[in-house]
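Visitor: let me see the structure of the following:
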Amino acid sequence: MKKIITLLLTIVIGATLMVGCNESKENGELEENKSEVTNKDVKVVVPDGLPAISLAKLAKENPEIKSGYNINYSIESTSDALSTVVMKEEADIAIVPSNMAAIAYNKTSNYKILGTVGMGSFYLVSTENMSSMDDLIGKEVGNTGKGLTPDITVKTILKEKNINLDDINFNYVNSMSELVPMMASGKLNTGFVSEPALTGLMNKNDNIKIITSLNDEWKSISGSKNGYPQSTLIVKADFAKENPEFIEKFVEQISDSIKWANDNPTEAGSYSKDFGVSTEASVIEKAMERANLNFINISDMKEEYENYYKILFDFEAKTVGGKLPDEGIFYKGE
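Guide: Next comes the predicted model:
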């Protein structure tokens with residue numbers, strides 16, 4: 001009788017353990033399935049020009065970043081259109097001018113900075129015999145966007161070099177598409193021109209010479225190792241919180257895409273045209289050597305952003321959305 005009771009207890013305990021194991025296994029599978037993503041659409045938006053070139057390989061080949069995610073890459077042709085998409089929080093991920101990243105954070109509280117896609121790509125160029133920014137005194141100088149970030153960057157550098165702004169006759173236009181024809185035709189001899197428009201200008205006017213790089217000048221006045229952050233990769237905060245593994249892998253892919261573009265300028269030109277960049281492929285190929293495209297994670301760029309935003313805010317508060325962004329603007333992998 002004692003043996004029978006012992007046998008029955010053994011069977012009951014064994015059955016209980018099996019049930020427990022099966023439940024644990026099922027719970028584990030449920031947790032695993034819970035983390036899987038199916039047909040999740042991701043909208044990535046970039047402006048025309050260098051930021052779009054940095055994404056050309058990703059947009060053209062559209063590799064799987066993580067299973068279950070469908071990525072749609074698109075180009076906005078104007079700054080206003082890009083701003084509208086971001087402020088309406090329609091983009092999950094975007095590359096924007098660095099001041100727009102601050103405005104988006106201040107206005108929506110739902111965008112964070114992942115890193116820098118490109119440092120300054122503006123250059124002082126002229127057909128005249130010049131050697132430094134000191135030679136701008138007494139000259140008519142073309143620039144874009146009075147009171148906007150390129151203008152503030154130029155004036156900050158000039159002030160730090162103790163050059164009186166009143167001694168320079170600035171001729172402002174709204175965009176590079178207006179400035180380049182003026183300099184190509186000789187109507188204007190000196191100006192601040194960014195890539196890839198600069199390469200297009202030099203193709204049209206052989207007398208254009210590069211006097212200095214604004215990014216190098218910024219390094220000298222600020223002590224920054226990298227220069228000023230011109231283009232910034234941002235992500236919607238709630239999307240990042242729900243999809244941290246995807247974000248980590250996407251950042252790796254965009255870094256690789258930029259490295260590939262720098263190493264393969266001819267293919268980068270072709271890929272960019274296929275993506276919809278308005279600049280000719282041959283111009284993009286030549287522009288890559290001065291484009292300053294390079295991905296730097298925000299963890300290595302916080303000080304540069306804080307300094308840059310402080311300068312913009314002191315010059316004109318509205319350029320960063322009316323107030324300095326706080327620490328929350330920087331993505332920390334949450």
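Visitor: and whichever strand or helix holds residue 270, how far out from the chain middle?
Guide: Assigned by DSSP states H and E, residue 270 falls within helix 265-275. Helix 265-275 has its C-alpha centroid displaced from the chain centroid by 18 Å (C-alpha atoms, centre = their mean, to the nearest Å).
Visitor: against which helices or strands is that helix packed?
Guide: On a contact count with 3 or more C-beta pairs under 8 Å, 6 or more residues apart in numbering; DSSP states H and E, helix 265-275 meets helix 50-54, helix 56-61, helix 244-263, helix 281-287. From N, CA and C alone the C-beta is placed, and that goes for glycine too.
Visitor: state the mean pLDDT of the last one.
Guide: What that stands for is helix 281-287. If you average the pLDDT over helix 281-287, you get 97.
Visitor: what lies in contact with that helix?
Guide: 53, 195-196, 198-200, 203, 265-266, 268-270, 272-273, 277, 279 (C-beta atoms under 8 Å, 6 or more residues apart in numbering).
Visitor: what packs against the helix or strand that that helix is followed by?
Guide: Remark: after helix 281-287, the chain's next helix or strand is strand 293-297, criterion DSSP H and E. Packing partners of strand 293-297 (3+ C-beta pairs under 8 Å, 6+ apart): helix 50-54, strand 111-119, helix 244-263.
Visitor: one more time with 10 Å
Guide: helix 50-54, strand 111-119, strand 229-236, helix 244-263 (3 or more C-beta pairs under 10 Å, 6 or more residues apart in numbering; DSSP states H and E).
Visitor: got the contact list for the helix holding residue 270?
Guide: 46, 48-50, 52-61, 73-75, 196, 257-258, 260-262, 264, 277-289, 291, 293 (C-beta atoms under 10 Å, 6 or more residues apart in numbering).
Visitor: point out where the stretch 101-250 of the chain drops to low pLDDT.
Guide: The model of the stretch 101-250 of the chain has no residue with pLDDT under 70.
Visitor: same thing but at 90, please
Guide: Of all residues in the stretch 101-250 of the chain, those with pLDDT under 90 make up the ranges 145-150, 174-175, 223.
Visitor: can you give me the helices in it?
Guide: 149-160, 176-184, 197-204, 214-222, 237-242, 244-263 (DSSP state H, counting those that start in this stretch).
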